[in-house]
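Engineer: Predicted coordinates and the sequence they were generated for:
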Amino acid sequence: MTEAQYYDVIVIGTGAGGGTLAHRLADTGKRVLLLERGGYLPRERDNWDSTAVFVKGKYRAPEFWFDKDGNRFPPEVNYYVGGNTKFYGAALFRMRPEDFGEVRHHDGVSPAWPLRYEDFEPYYTQAEHLYLVHGRHGEDPTEGPTSAQYACPPVRHEPRIEQLSHDLEKRGLHPFHLPIGVNLIQDDRGRAVHTSACIRCDRVDGFPCLVGAKSDAQVICVDPALERANVEMITYADVQRLETDATGRTVTAVVATVGDKDPATVRFGADIVVVACGAVNSAVLLLRSADDRHPRGLANSSDVVGRYYMRHNNMALMAVSREPNDTKFQKTLALHDWYLGSDDWDYPLGGIQMLGKSDAEQIHGEAPRWAGAVSPDMPFEVLAHHAVDFWLCGEDLPAPGNRVTLDGDGGIHLALDEKNNIAGLERLRHKLQDMLGHLGMHPHRLLSRSIYLHKGMPIGATAHQAGTVRFGRDPASSALDVNCKAHDLDNLYVVDTSFFPSIAAVNPSLTAMANALRVGDHIAERLR
């Protein structure tokens, strides 16, 4: 074991939370070390190949977790600089103001946060500007008040999606431009100009961006932070455990195996240690760091670490347009009219947004499941040309039994009730299904794109994971305080989506980014 140098701050993980925090701390002049479990994602043609990314899962981590019955499954995780933002769709929504309060659902209650929307609002604005979010505040009737407009105009709809927007408006609904983080400069017709990094292709959703034009944490935060002499990063640094002093109040060492080949065990020290490994792996690290002072794991005197895992109730669906859909950049529209309820349902349903455009390779990957669902007069290539793709997102509720645990061999177990609060999502699907004939679609063809959701294995679809190290004001029922510092330790913070007490029904990335900026300001002041 080798002893490494001492830093002011160590950040474990480089995704939406860790990468954004490092960017915030870069200007402090303090010595910041980023530890990343993986390396840089290879830039290669397979980045944009549907078979490689979706069918073969080339970039997923080659590991297995276990479900509540002990069955192995491959989780949807990627270990690269930038974390899972390398593969996300860059849909960067704010949570609604109501999401920060107690919300009653059909199957239970979504708990209130210890902070309000107003506490996050300035940081939402900063995160939107930092991550080049394109959108237009004021279009979505469910959104909260904003202190500033998006710095980038909305990504223009292509003709078929523009028609869909008009058709939804004719139904009395309020479609709006989906807020998306891309480095795009458009001309007056919405086309990418020659100086634009983004080329408006059909590879934004679920693919890494080969030209670096998607606003992921590596491109936006990590690489710029590393231009500062006070910020360092070590890749292929797999943190094994955190060690504390005799009092148990201070993390004194971060112990990691370092190196892609023949890794060596290295100890790092810092005044402040920040964990941002993703909701499952952050909980795993804290549980694995149990010691005499913390027999149930670090920050876990409340016994909540690993519990209350959430991952959204999602459906990826493909409708079939009567007219060809020549759209390339399809992820430009969203609909929240039933986010908080509807005229025939007293509980929240969730939101609808566009997915990236299906192609023939993805549809061929679904072919065995769709046998008999597609008429013989529409071959798969024709189906792909007529596909219009939707993402339905409903709220998962926090339950103590939905939890991450470790077995005696260090194996990761994820217990999950996959039927938690799905009634609203089913109603949302019926809302969409019933409208198809009025939207220029074949009314009875709404097909599941389960290949996008990890080949029909909901437990494996961990992209929107949250909630395992929740924050709160009461140390008896939460692991972190309102600044995301562990109640039980003086120098340990967690800044990924682990801190969420509830997950709302919008993509969690922007809230993780905004929170990292908020906590970054707190840590910077503490370092001063």
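Structural biologist: Alright, I've got the coordinates.
Engineer: gap between the helix or strand that contains V519 and the chain center?
Structural biologist: Here V519 sits within helix 509-527, counting by DSSP states H and E. Centroid separation between helix 509-527 and its chain, computed with CA atoms, centre = their mean, to the nearest Å, is 17 Å.
Engineer: Report the buried residues of that helix.
Structural biologist: Buried residues in helix 509-527, defined by neighbour count with 16 or more other CB atoms under 10 Å: 509-521, 523. The way it works is simple: take the backbone N, C-alpha and C, and place the C-beta from them, glycine included.
Engineer: Where does the prediction get shaky in the stretch 101-250 of the chain?
Structural biologist: In the predicted model, the stretch 101-250 of the chain carries no residue with pLDDT under 70.
Engineer: all helices for the chain, in order.
Structural biologist: 18-25, 50, 117-130, 159-170, 217, 223-226, 279-288, 360-366, 380-386, 423-435, 509-527 (DSSP state H).
Engineer: Can you spell out which helices and strands pack onto the last one?
Structural biologist: When you say that, I think you mean helix 509-527. When contacts are defined as 3 or more CB pairs under 8 Å, 6 or more residues apart in numbering; DSSP states H and E, helix 509-527 packs onto strand 2-12, helix 18-25, helix 117-130, strand 264-275.
Engineer: neighbouring contacts of the third one?
Structural biologist: Spelled out, it's helix 117-130. Helix 117-130 is contacted from outside by 20, 23, 92, 94-97, 99-100, 133, 135, 144-148, 150-151, 179, 220-221, 510-511, 513-515, 517-518, using CB atoms under 8 Å, 6 or more residues apart in numbering.
Engineer: Show the average pLDDT along stretch 52-70.
Structural biologist: Mean pLDDT, computed over stretch 52-70, is 92.
Engineer: What's the separation between T265 and V239?
Structural biologist: 11 Å (CB to CB, to the nearest Å).
Engineer: Please enumerate the shared neighbours of the two.
Structural biologist: Common contact partners of T265 and V239 (CB under 8 Å, 6+ apart): V255, A256.
Engineer: Settle it for me: which of the two has more neighbours?
Structural biologist: Of the pair T265 and V239, V239 is the one with more neighbours under other CB atoms under 10 Å, namely 25 against 12.
Engineer: hang on, that one packs against A256?
Structural biologist: Yes. Between V239 and A256 there is a contact under CB atoms under 8 Å: 4.5 Å.
Engineer: mind checking pLDDT for E76?
Structural biologist: In this model, E76 carries a pLDDT of 88.
Engineer: just the angle between the helix holding V519 and helix 18-25, please?
Structural biologist: Angle of helix 509-527 versus helix 18-25, following axes from the mean of the first three to the mean of the last three CA atoms, to 10 degrees, is 40 degrees.
Engineer: Which of the contacts of helix 117-130 are buried, as a PyMOL select command?
Structural biologist: Buried residues among the contacts of helix 117-130 (16+ other CB under 10 Å), as a PyMOL selection:
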select buried, resi 20+23+92+94+95+96+97+99+100+133+135+144+150+179+220+221+510+511+513+514+515+517+518
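Engineer: and stretch 167-187, how far from the chain's centre?
Structural biologist: Counting by CA atoms, centre = their mean, stretch 167-187 is centred 21 Å from the centre of its parent chain.
Engineer: where does P368 land on pLDDT?
Structural biologist: Listed pLDDT for P368 reads 55.
Engineer: Also A360?
Structural biologist: Per-residue pLDDT puts A360 at 75.
Engineer: residues contacting it?
Structural biologist: Going by CB under 8 Å, 6+ apart, A360 touches F380, E381, A384.
Engineer: likewise A237?
Structural biologist: L35, E36, R37, A256, T257, V258, V266.
Engineer: The second one - how many residues pack around it?
Structural biologist: So the one you mean is E36. For E36, the neighbour count with other CB under 10 Å is 28.
Engineer: what do you get for the last one?
Structural biologist: For V266, the tally of surrounding residues (other CB under 10 Å) stands at 20.
Engineer: With the fourth one instead?
Structural biologist: With neighbours defined by other CB under 10 Å, the count for A256 comes to 24.
Engineer: Can you measure across stretch 213-228, start residue to end residue?
Structural biologist: Across stretch 213-228, the terminal residues are separated by 22 Å (CA to CA, to the nearest Å).
Engineer: no, scratch that, I was asking about stretch 229-246
Structural biologist: End-to-end span of stretch 229-246 (CA to CA): 34 Å.
Engineer: begin at 20 from here
Structural biologist: Got it, first residue is 20 now, which makes that one stretch 248-265.
Engineer: which parts of that stretch are buried?
Structural biologist: For stretch 248-265, burial by neighbour count (16+ other CB under 10 Å) applies to N249, V250, M252, T254, Y255, A256, V258, R260, L261, T263.
Engineer: and what of stretch 123-139?
Structural biologist: Per 16+ other CB under 10 Å, stretch 123-139 contains these buried residues: H124, D126, S129, P130, W132, P133, L134, Y136, F139.
Engineer: Return the distance of it from the chain's centre.
Structural biologist: In terms of CA atoms, centre = their mean, the centre of stretch 123-139 is found 19 Å from the chain centre.
Engineer: Give me the buried positions along stretch 356-370.
Structural biologist: Buried residues in stretch 356-370, counted by 16+ other CB under 10 Å: D356, W357, Y358, L359, S361, Y366, P367, L368, G369, G370.
Engineer: Contact partners for the fifth one?
Structural biologist: Same thing as S361. L368, R446, K450.
Engineer: let's go with 10 Å and repeat that
Structural biologist: Contact analysis of S361 by CB atoms under 10 Å, 6 or more residues apart in numbering lists P367, L368, G443, R446, L447, K450.
Engineer: How far off centre is stretch 211-220?
Structural biologist: Averaging C-alpha positions (CA atoms, centre = their mean) puts stretch 211-220 25 Å from its chain's average.
Engineer: nope, stretch 431-446 is what I meant
Structural biologist: Relative to its chain's centre, stretch 431-446 lies at 17 Å (CA atoms, centre = their mean).
Engineer: Could you give the number of residues near K438?
Structural biologist: K438 has 10 neighbouring residues, counting by other CB under 10 Å.
Engineer: how much space between it and N332?
Structural biologist: According to CB to CB, K438 and N332 sit 9 Å apart.
Engineer: Check D363 too.
Structural biologist: Applying CB to CB to D363 and N332 gives a distance of 19 Å.
Engineer: Make JSON lines from the buried residues of stretch 123-139 and add distance to P178 to it.
Structural biologist: Formatted as JSON lines, the buried residues of stretch 123-139 follow (distance: CB to CB, whole Å):
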{"residue": "H124", "distance to P178": "38"}
{"residue": "D126", "distance to P178": "40"}
{"residue": "S129", "distance to P178": "38"}
{"residue": "P130", "distance to P178": "44"}
{"residue": "W132", "distance to P178": "41"}
{"residue": "P133", "distance to P178": "46"}
{"residue": "L134", "distance to P178": "42"}
{"residue": "Y136", "distance to P178": "36"}
{"residue": "F139", "distance to P178": "36"}
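Engineer: Widest-spaced pair of the residues you listed?
Structural biologist: D126 and F139 (26.2 Å; CB to CB).
Engineer: Measure how buried the residue nearest to R208 when sequence neighbours are not counted is and give me the count.
Structural biologist: Closest residue in space to R208, ignoring its immediate chain neighbours: R175 at 7.5 Å, by CB to CB, 6 or more residues apart in numbering. Neighbour count for R175, taken as other CB under 10 Å: 19.
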